[in-house]
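> generate a structure from the sequence data that follows.
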Amino acid sequence: MVSLPTTEGAPDAYVNLLERYSRLNALEDAGGVLSWDQQVMMPLGGAPARARQLSTLSALRHELLVDDETAEWLEALRTADLTPEQVACVREIRRRYERAAPVPADLVEEITQITSENQQIWQDARAEDDFASFAPRLERLRGLLRERAAHIDPDKPPYQVLYEDSFPYTPIETIEGMFETLRTELPPLIDAVREADVDLAAPFSGSYPEAAQRELSEAALDLLGYDRDHGRLDTAPHPFMAGNQFDARVTTRFHEADPMDALTASIHEFGHASYQLGLPQEAYGTPLGYSRRSIHESQSRFWENHIGRTRPFWEVFTDTVAETLDVPDLTPRAAFEHANRVRPDNLIRVEADELTYHLHIILRCEIDRAFVNGQIEADEIPGLWNQKMEEYLGIRPDTDREGCLQDIHWTSGFARFQTYTFGSMIAAQLDDAVRADLDVDGLVRDREFAPMLEWMGEHVHQHGERYETPELVERASGEPPTAEPFVEYVTGKFEDLYDL
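Numbers count the residues shown, from 1 in each chain. Here you go, the predicted model:
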């Protein structure tokens, strides 16, 4: 068990700093609940007030963080005798302070208000397939975030500054190296799958009521061990998880003709929730009780792909699917094949398979960077999107709803899509490490998922922000971040599935 941060015998500056950070964290969590409500339950007419509420909270957080006292306490702690846990806490708070202090408070408040307003505008634009109505919002947000980036570090490209919000300790060159590996390794495998003379099972046809699909998602969450005392399942236009170690809520969405979409999304968000709920409760309000954003997707991808798409999982869950959805002839083999079908003609990222998914991500990152750095304007995004879809996947969307309007992410910022592919890479590393310690397939067949949760808790969750990302990955998996385990995993899996 790791040591938790303590203020006993600590310098007054540390005690004061941690108390200040705890108040910041409480305000942040309050804003998180408001954001969850906005995406899940809030009536449409509530958007103007919600934007004001969230922007006010962001201004309060900013004022607390950059207060002169915070700077004084951090300076006093530069030479203080601290424990390793206290050093980690000060490191993380110092980083937040140094990125926030140069940014004017009114700019912080304006960014939050714009991003909150953007959510409803994006939903309307997506529903109406009207990118032109959303483009001015993108331009405005880009301008604000470029201004923020210039305050933080005027000597770096704005895109890199924004990237470092999500990846503070992983150089952008590391991610680019991973992407280059995938650009080299995945297209030939996808082409081989496309040309394979193998017809995987497609057991679902017709329509499946939302009530039955919800029941199925609830059953999967119960099977995996979702803590209902500290979470709940709801629906949202774009599935997400929100919360902390006391309250981690998940969402999904339902497609009438594709029950697998909601199910895999629910398992995916369970992975995110497992991380939040695995953080030490005693460290709540401190950096050691806060998750690493760059690690989060590894948890969701582990549970979605390395557990939820495996043969053993479908050996134990197929009967539930067959009964709930009234598909009496469904077999574990057919369900497994359907869950792992490669669909190069799929246009939607969140519905993509494990292979083509990362080309969807690379496409977004390339457009993201070009837009933020001023190489393209918002009205060029749809055409460039369609061009890159054709280049990478051989398909072209007929509508912007199926193209550049499909993701919610650009409502609130840029340079974040890397987390998805990075998470898949780390999930493969962690899967290798878990399987070296546990008989994962045997445990799944026995419906015993707690040992995997406990393994992740011990090696990842309980550390919070104690370690920088590369060190955390290496401690947990035995090697620094790399794409090779993922490439080996998908190559072996899909060569077997498609008899390559």
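> tell me where the stretch 1-150 of the chain has helices.
Remark: helices assigned in the stretch 1-150 of the chain by DSSP state H, counting those that start in this stretch are 12-40, 47-66, 68-76, 84-100, 105-128, 131-152.
> how about these, which one is nearest residue 481?
Residue 481 lies closest, by C-beta to C-beta, to one member of those: helix 84-100, at 19.4 Å. Where C-beta positions appear, they are placed from N, C-alpha and C, glycine not excepted.
> for the closest one, buried residues please.
For helix 84-100, the neighbour count (16 or more other C-beta atoms under 10 Å) marks 85-86, 88-90, 92-94, 96-97, 99-100 as buried.
> what residues does it touch?
Helix 84-100 has contacts (C-beta atoms under 8 Å, 6 or more residues apart in numbering) with 2-6, 10, 14, 17-18, 21, 62, 65-66, 70-71, 74, 77, 82, 108, 152, 165, 168, 286-288, 290, 465-467.
> now a PyMOL select for only the buried ones of the residues you listed.
Selecting only the buried entries of those in PyMOL, with 16+ other C-beta under 10 Å as the criterion:
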select buried, resi 4+5+10+14+17+18+21+62+65+66+70+74+77+82+108+152+165+168+286+287+288+290+465+466+467
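> returning to what we had before: nearest to residue 257, out of the helices of the stretch 1-150 of the chain?
helix 105-128 (19.0 Å).
> what about residue 479, neighbour count?
13 (other C-beta atoms under 10 Å).
> please apply the same query to residue 78.
Around residue 78 there are 9 other residues, counting by other C-beta under 10 Å.
> now residue 448. Its backbone dihedrals?
Backbone torsions of residue 448, given as degrees, to the nearest 10, read phi -110, psi 100.
> kindly report the same for residue 330.
Phi and psi for residue 330, reported as degrees, to the nearest 10, are phi -70, psi 130.
> what's the pLDDT at it?
pLDDT recorded at residue 330 is 96.
> contact partners for the spatially most central residue of the chain?
Among the residues of the chain, the one closest to the centroid is residue 297, at 4.5 Å (C-alpha atoms, centre = their mean). By C-beta under 8 Å, 6+ apart, the residues touching residue 297 are 419-420, 422-424, 426-427.
> residue 443 too?
Listed by C-beta under 8 Å, 6+ apart, the contact set of residue 443 reads 449, 451-452.
> again, 10 Å this time
Contacts here follow C-beta atoms under 10 Å, 6 or more residues apart in numbering; on that basis residue 443 touches 307, 312, 434, 449-452.
> longest strand anywhere in this protein?
In the chain, taking DSSP state E as the definition, the longest strand is strand 248-252.
> now the angle from that one to helix 12-40?
Strand 248-252 and helix 12-40 are oriented at 30 degrees to each other (axes from the mean of the first three to the mean of the last three C-alpha atoms, to 10 degrees).
> what strands line up against strand 248-252, and which way round?
strand 233-235 (parallel), strand 241-243 (antiparallel) (DSSP bridges).
> for those, state which one has the densest average packing.
Among the strands paired with strand 248-252, strand 241-243 has the highest mean neighbour count (mean count of other C-beta atoms under 10 Å), at a mean of 22.
> quick one: contacts of that strand?
29, 32-33, 35-37, 39-40, 230-232, 234, 236, 248-251, 268-277, 296, 299-300.
> over to stretch 105-117?
For stretch 105-117, contacts defined as C-beta under 10 Å, 6+ apart pick out 31, 34-35, 38, 47-48, 50-63, 65-66, 100, 103-104, 121, 137, 140-141, 143-145, 147-148, 151, 410-413.
> take the contacts of residue 297 and keep only those in helices.
Members of the contacts of residue 297 lying in helices (criterion: DSSP state H): 419-420, 422-424, 426-427.
> and which of those is nearest to residue 349?
Taking C-beta to C-beta as the measure, residue 420 is the one of those closest to residue 349, at 8.3 Å.
> residue contacts, the closest one?
Neighbours of residue 420 in contact, by C-beta under 10 Å, 6+ apart: 296-297, 300-301, 349-350, 357-358, 360-361, 364-365, 409.
> picking up where we left off before, separate out the buried members of the contacts of residue 297.
Of the contacts of residue 297, these count as buried by 16+ other C-beta under 10 Å: 419-420, 422-424, 426-427.
> the residue nearest to the centre of the chain: what secondary structure?
Put simply, residue 297 is helix when judged by DSSP: H, G, I helix; E, B strand; the rest coil.
> re the thing from before, want to throw the buried residues of helix 84-100 into a markdown table with distance to residue 374?
Listed next are the buried residues of helix 84-100 as a markdown table, based on distance: C-beta to C-beta, whole Å:
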| residue | distance to residue 374 |
| --- | --- |
| 85 | 42 |
| 86 | 42 |
| 88 | 37 |
| 89 | 37 |
| 90 | 36 |
| 92 | 31 |
| 93 | 33 |
| 94 | 31 |
| 96 | 27 |
| 97 | 29 |
| 99 | 22 |
| 100 | 24 |
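> thanks a lot, catch you later.
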